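Student: Take this sequence and fold it.
(one chain, ligands or ions: 1)
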Amino acid sequence: MLSRLSPRLLSSSPRLLSSSIRTLVNVTYPSPSVAVLELDRPPVNSLSLEMATSITSHIKQIESDPQIRSLILTSSNPKIFSAGLDITEMSRPSKTRLSTFWRSIQSLFLTLYSTRLSTISCITGHSPAGGCLLSMSCDYRVMSRNPKLGIGLNETRLGIAAPFWLKDLFVKTVGYREAELGLSRGKLYSPEEALKIGLVDEIVDGEVYDVAVERAEEYAEIPEKGIVATKRMCRGELVRDLEGKIEEDVGWFTDFILEEGTQKGIEGYLKSLSKK
Ligand SMILES: CCCCCCCCCC/C=C/CC(=O)SCCNC(=O)CCNC(=O)[C@H](O)C(C)(C)COP(=O)(O)OP(=O)(O)OC[C@H]1O[C@@H](n2cnc3c(N)ncnc32)[C@H](O)[C@@H]1OP(=O)(O)O
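Tutor: Residues are numbered from 1 along each chain as shown. Reported below is the predicted structural model:
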């Protein structure tokens, strides 16, 4: 039933959806060629299996409407873009759930990173780890100037490491040395710092959303053929690398996460979060 509804209808009846099925995202259309996908999984938009699957399927629905050229990814929570992977998915999981979870993250990355749509990340709040992955997978990143916000890859702080494709994406975004420093220190960058190293493209004092819509409309005016060919050229290599190693990557992830030492680290990190 849900899959037969067009994306436009989805956006026009959010109440109907929330009463029948929890989609975890909201889709709206500020102009005929632009869609907005708002992450809506309180409290922190962490990426569970269901959340990752929902984002992926909504991107695919939006993509299937030829009129839509640009997609803005944002959050219903003004303080938090996304807290990254749902850490509870990695705490004492079954191997089956853990591998399905990781496949959903790989698939979300591949879908967002290689979509024909021009993608704008509208970052109004914190964006650590998987949140930073979502933003880096977009074509353009606009962030609120708030110096209290952080964006970056803090995996080492949890006693885990970013997978090779996330490390490669970071290297492609900020350059090798900065990526090595940022990854090993688990650094979360302030908006000013992120702008300096190219992790975000613009920081905004006022309404970040309005700037994101402006940028999305600018992208929508560029001929699609040129955009798609350019994205394929710039992003194809990383997409092919991961596509060729899906199973190997699932194996690495599940082995690493299921190790007792990793489990203890994750448990401790979860405790420290809930004690705050
Ligand atoms: C050869 C090697 C191969 C390696 C292969 C292995 C690859 C492993 C890769 C793994 C990749 C991981 C990427 C990730 O994304 S890991 C997740 C990292 N995320 C974080 O560290 C963020 C943690 N959260 C925060 O810092 C803060 O919550 C916040 C986002 C800054 C918000 O702060 P705020 O004060 O507003 O909110 P609270 O901290 O009080 O949080 C509210 C409740 O939400 C719970 N919470 C927070 N973050 C998460 C999360 N990511 N997952 C699940 N739950 C989360 C928090 O515990 C609070 O819960 P409570 O109300 O029940 O206490």
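
Student: From here on, just use CA atoms for contacts and neighbour counts.
Tutor: Will do.

Student: Can you name the residues of the stretch 1-150 of the chain that neighbour the ligand?
Tutor: The interface of the stretch 1-150 of the chain toward the ligand, taken as Cα under 6 Å from any ligand atom, is made up of 43-44, 46, 83-88, 126, 128-130.

Student: Name the nearest of these relative to G226.
Tutor: Comparing those against G226 with Cα to Cα places G130 closest, at 29.1 Å.

Student: In the stretch 101-250 of the chain, what residue lies closest to the ligand?
Tutor: G130 (3.6 Å; Cα to the nearest ligand atom).

Student: where do the strands sit along the stretch 1-150 of the chain?
Tutor: 25-31, 34-39, 70-75, 118-123, 127-128, 140-144 (DSSP state E, counting those that start in this stretch).

Student: JSON lines for these, including mean pLDDT?
Tutor: Putting these into JSON lines (pLDDT from 0 to 100) gives the following:
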{"stretch": "strand 25-31", "mean pLDDT": "98"}
{"stretch": "strand 34-39", "mean pLDDT": "98"}
{"stretch": "strand 70-75", "mean pLDDT": "98"}
{"stretch": "strand 118-123", "mean pLDDT": "98"}
{"stretch": "strand 127-128", "mean pLDDT": "98"}
{"stretch": "strand 140-144", "mean pLDDT": "98"}
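
Student: any chance of these in JSON lines, plus mean neighbour count and distance to P163?
Tutor: Written out in JSON lines, the entries for those read as follows (neighbours: other Cα atoms under 10 Å; distance: least, Cα to Cα, whole Å):
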{"stretch": "strand 25-31", "mean neighbour count": "18", "distance to P163": "26"}
{"stretch": "strand 34-39", "mean neighbour count": "25", "distance to P163": "23"}
{"stretch": "strand 70-75", "mean neighbour count": "28", "distance to P163": "23"}
{"stretch": "strand 118-123", "mean neighbour count": "28", "distance to P163": "22"}
{"stretch": "strand 127-128", "mean neighbour count": "26", "distance to P163": "15"}
{"stretch": "strand 140-144", "mean neighbour count": "25", "distance to P163": "22"}
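
Student: and the residue lying closest to T56 once chain neighbours are set aside, what does it touch?
Tutor: Distance criterion Cα to Cα, 6 or more residues apart in numbering; nearest residue to T56, sequence neighbours excluded, is L108 at 5.1 Å. For L108, the contacting residues are 52-53, 55-56, by Cα atoms under 8 Å, 6 or more residues apart in numbering.

Student: I'd say I55 and V25 touch.
Tutor: Yes: in terms of Cα atoms under 8 Å, I55 counts as a neighbour of V25; the distance is 6.9 Å.

Student: Enumerate the positions of stretch 185-192 that are buried.
Tutor: Within stretch 185-192, the residues that count as buried by 16 or more other Cα atoms under 10 Å are 186-192.

Student: between the strands of the stretch 1-150 of the chain, which one is nearest to K225?
Tutor: When the strands of the stretch 1-150 of the chain are ranked by distance to K225, counting by Cα to Cα, first place goes to strand 118-123 at 11.7 Å.

Student: roughly how far out does that closest one sit from the chain middle?
Tutor: Shown here is strand 118-123, whose average C-alpha point lies 10 Å from the average C-alpha point of the whole chain (Cα atoms, centre = their mean, to the nearest Å).

Student: cool, and stretch 54-61?
Tutor: Relative to the chain's own centre, stretch 54-61 is displaced by 12 Å; criterion: Cα atoms, centre = their mean.

Student: In PDB, list the C-alpha atoms belonging to that stretch.
Tutor: Extracted in PDB, the C-alpha atoms of stretch 54-61 (Å, rounded to 0.1, in the frame of the first residue of the first chain):
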ATOM      1  CA  SER A  54      13.700   3.800   5.500                       C
ATOM      2  CA  ILE A  55      16.100   6.600   4.300                       C
ATOM      3  CA  THR A  56      17.300   4.400   1.500                       C
ATOM      4  CA  SER A  57      13.900   3.500   0.300                       C
ATOM      5  CA  HIS A  58      12.700   7.100   0.500                       C
ATOM      6  CA  ILE A  59      15.700   8.300  -1.600                       C
ATOM      7  CA  LYS A  60      14.800   5.700  -4.200                       C
ATOM      8  CA  GLN A  61      11.200   6.800  -4.300                       C
END
